[in-house]
Structures are given as structure tokens and as C-alpha cells.
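Asker: A predicted structure for the sequence below; I have some questions about it.
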Amino acid sequence: MTGQKIAYKRVSTVSQNIDRQLDGMTFDKEFVDYVSGSTKERKQLELLLEHIREGDEVFIHDISRCARNLQHLLEIVREITGKKVKLHFIKENLTFTGDKTNPIEELLLSLLGSVYQFERSMMLERQREGIAKAKLKGKFKGRKPTVNREEILKLLAEGHSMRKVASMTGRSLSTVTRVKASAEQKSS
């Protein structure tokens, strides 16, 4: 029985480019997530797991595209191979079948998954250190506010309802409520 060739691609944000992943390969179906690999809630991955059938082959550019956490990686690989689906990690040149007679598969997966998890931890640590140093120098101010608080407060002061202000500013009602509550808290 010949199954489908299925691609799974993932990048952390919509602005990142997925073109380098599995470049030049053709597939019957592709699933693409634009979300961090550290989260388990990935709609396209869930759809892929529902879609695959015995005899299919799943192709992923590299292990870090699948998961950044060893436990989650092992769960995904076991779920895929448990359905008698081959899983290929192209960059690492590894194929997993769930064959319990090949303990090297599990060792390599655990080892490489641990390396990617460690790599992510180190990246986050370096990021925290860089932010702390930048704050000490007064160079890191955090993300620029995307809400024009003054505009919201001005419209509220003019007597517009919170719903009307939300509509006028293109913000949610909860955002307007937060801005109003924050202003009231500062004035008391």
C-alpha cells in the first residue's frame, strides 16, 4: 500500500519564511504552522496527526521544526510512527518507523531532541542576559506601546461610551476597559 507524502513546516512568526524548509521536494499535502515550537497548541500539526494513515510518509525539515521540548518531540514521533507512518527529518538525515528492534532510533531521537532543547534554553538565557544589560544602560525600554492611551482617555472624557471608543479606535472593549481602569488607579 502506497501512502501520501506529507510535509510539515513550522516557523515561529508569519513574517518568517518557510521556503527553505523542504525546498525542491514535492508532496501530496502540506501542513504549515506559524507558531512557536515550544507550544503544544499547533492547529496544523493537530490536523496532520488526524490526517495521516498507515503507509504515509511525513517529512519535516529538522527536529527543531517538530518540537523544542524533548517530551513533546517523543510524543509526536510515537504518535506518528504508532500509526505505521514513516517520519523523515531531512536535515539530520534520520527516518523513524517505530521499529522497536532498532534501539538506535530512540537513542538518536532522544539525544538530538535534548540538544535542541538545550540550544533553546541557552538562547533564552542569552536573550535575558542581553535585555538585563540593555536595561542597565537605559537602552531597553521594552516593546513600544501599540495603544494610544491618550486618544482613548480623551474620547472617554468627551462622554463616549467604552464600546463606542473601542469602535472608534479599532481596539477591543477589554483594551479600553484596561486603559480606563489604569488611568483611574493612577489618579487615586
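Answerer: Yep, it's here. These numbers come from a predicted model, not from an experiment. Residues are numbered from 1 along each chain as shown.

Asker: now do the SS call for the spatially most central residue of the chain.
Answerer: Nearest to the mean C-alpha position of the chain, by CA atoms, centre = their mean, lies S36 at 1.6 Å. Using DSSP: H, G, I helix; E, B strand; the rest coil, the secondary structure recorded for S36 is coil.

Asker: show me what contacts the closest residue to it other than its chain neighbours?
Answerer: Closest residue in space to S36, ignoring its immediate chain neighbours: S12 at 5.0 Å, by CB to CB, 6 or more residues apart in numbering. C-beta coordinates here come from the backbone N, C-alpha and C atoms, glycine included. Going by CB atoms under 8 Å, 6 or more residues apart in numbering, S12 touches Y34, V35, S36, G37.

Asker: let me have the residues you listed in a markdown table, extended by pLDDT and distance to G159.
Answerer: Listed next are the contacts of S12 as a markdown table, based on pLDDT from 0 to 100; distance: CB to CB, whole Å:
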| residue | pLDDT | distance to G159 |
| --- | --- | --- |
| Y34 | 90 | 41 |
| V35 | 87 | 42 |
| S36 | 82 | 43 |
| G37 | 75 | 48 |
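
Asker: I'd like to know which elements whichever helix in the chain runs longest is packed against.
Answerer: Identified as the longest helix of the chain according to DSSP state H is helix 103-136. Judged by 3 or more CB pairs under 8 Å, 6 or more residues apart in numbering; DSSP states H and E, the packing partners of helix 103-136 are helix 63-66, helix 70-82, strand 94-96.

Asker: rewinding a little: just the buried ones from the contacts of S12?
Answerer: Y34, V35, G37 (16 or more other CB atoms under 10 Å).

Asker: so how far is I76 from the closest residue to the second one other than its chain neighbours?
Answerer: Distances taken as CB to CB, 6+ apart place R42 nearest to V35, at 5.4 Å, with adjacent residues excluded. Relative to I76, R42 is positioned 10 Å away (CB to CB, to the nearest Å).

Asker: cool, N93 as well?
Answerer: 19 Å.

Asker: measure F31 to C66 for me?
Answerer: For F31, the distance to C66 equals 12 Å [CB to CB].
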